[in-house]
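**Q** could you work out the structure for the sequence below:
(chains A and B)
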Amino acid sequence: GEDVEQSLFLSVREGDSSVINCTYTDSSSTYLYWYKQEPGAGLQLLTYIFSNMDMKQDQRLTVLLNKKDKHLSLRIADTQTGDSAIYFCAETHASGGSYIPTFGRGTSLIVHP
Amino acid sequence: NAGVTQTPKFRILKIGQSMTLQCTQDMNHNYMYWYRQDPGMGLKLIYYSVGAGITDKGEVPNGYNVSRSTTEDFPLRLELAAPSQTSVYFCASSYPTARGPSYNSPLHFGNGTRLTVT
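**A** Below you'll find the model as predicted:
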C-alpha cells in the first residue's frame, strides 16, 4: 500500500477555508512537507513541519500534525482562485543514511466563485 | 539564480528511439532526483543520487539509466522508448541540512519535460 495517502479532489467556494488531509504510515518520519503544483509547472515547497511540532502557521496557511494518528493537514484560510492547484504531502525519514522523500498522489483543489 | 533547469520542455519519440533528458542545478545541492508524474498517480521516483559518482534506483527504474559525473548535472537516459514511458518527467535537487538528530531536505523542482512516445 501507499506510504502517504491523500484524497484526490477538493472543491471549495472562494473566500471559504480549505482543508487538505494526509495520512502517513512511517512512525520514524522526521519532516513533513506540503508542495503546490500549478498547471504546467513543477512542484514548489509551500511549508514544512518537524515531527516534534503539532502546529505551524504561515500567513494564510496552517499545518496541523497529529503524530499519534500519523495525520497531517493543510488549512488555507480565505481561499482564492489563485490557490487552485494540486497539493502534495510528502514525508522524509532516514533510510540507509539517505533522506529520500515519499510523496502522496496529490489533492486537486478547485476554487469556484 | 536559475535553480533546477530541465531541457527539453517537450519531446515526441517514436517507439524504439532513445533520448537523454537533461537536468542541471546551480545551487550546489548534493542530492538529485528523477521523478515521473502520471495523471492521478502522483510522483514515482525513478533514480536518485546523493552525490557525484553515486546513483541508486528508485521505485520505477526499468527502462532508464542515469549518470552523475558532476555535482551540477544529472541526465536521464531512455533507451528503446516504449508507450508506457509517456509521462511528465521532473528533476529535483536538495541539500539535506542537519537539524539535531534528523535532516530537513526540501526539494527544488525543475519545470518538467513532457514526453510522448508513439
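
**Q** which neighbouring elements make contact with the helix or strand where residue A:73 lies?
**A** In this assignment (DSSP states H and E), residue A:73 forms part of strand A:71-76. Other helices and strands packing on strand A:71-76, by 3 or more Cβ pairs under 8 Å, 6 or more residues apart in numbering or on different chains; DSSP states H and E, are strand A:18-24, strand A:43-50, strand A:61-66, strand A:85-92. Any C-beta I mention is one placed from the backbone N, CA and C, and that applies to glycine too.

**Q** swap in 7 Å and give it another go.
**A** strand A:18-24, strand A:61-66 (3 or more Cβ pairs under 7 Å, 6 or more residues apart in numbering or on different chains; DSSP states H and E).

**Q** comparing these, which comes out most buried?
**A** Each of these was assessed for mean neighbour count using mean count of other Cβ atoms under 10 Å in any protein chain shown. The highest is strand A:18-24, with a mean of 19.

**Q** how about that one against chain B, any contact?
**A** No - Strand A:18-24 is not in contact with chain B by Cβ under 7 Å from any Cβ of the partner chain; minimum separation 11.7 Å.

**Q** now find how far off-centre that strand is within its chain.
**A** In terms of Cα atoms, centre = their mean, to the nearest Å, the centre of strand A:18-24 is found 6 Å from the chain centre.

**Q** same thing with stretch A:15-32?
**A** Taking the mean C-alpha point of stretch A:15-32 and that of its whole chain, the gap between them comes to 5 Å (Cα atoms, centre = their mean).

**Q** residue 41: what's it in contact with?
**A** In the absence of a named chain, this looks at chain A. With contacts taken as Cβ atoms under 7 Å, 6 or more residues apart in numbering or on different chains, residue A:41 has the following neighbours: residue B:111.

**Q** you answered for a different chain; I wanted chain B.
**A** Contacts of residue B:41 were listed using Cβ under 7 Å, 6+ apart, and they are residue A:105.

**Q** just say helix, strand or coil for it.
**A** Per DSSP: H, G, I helix; E, B strand; the rest coil, the local secondary structure of residue B:41 is coil.

**Q** tell me the confidence at it?
**A** Residue-level confidence at residue B:41 comes out at 82, pLDDT.

**Q** against residue A:85, how distant is it?
**A** Here the distance between residue B:41 and residue A:85 works out to 17 Å (Cβ to Cβ, to the nearest Å).

**Q** ok, residue A:77 touching residue A:60?
**A** Yes - the pair residue A:77 and residue A:60 passes the contact test of Cβ atoms under 7 Å, sitting 4.5 Å apart.

**Q** for residue B:10, name its beta-bridge partners.
**A** Beta-bridge partners of residue B:10, counted by DSSP bridges, are residue B:114.
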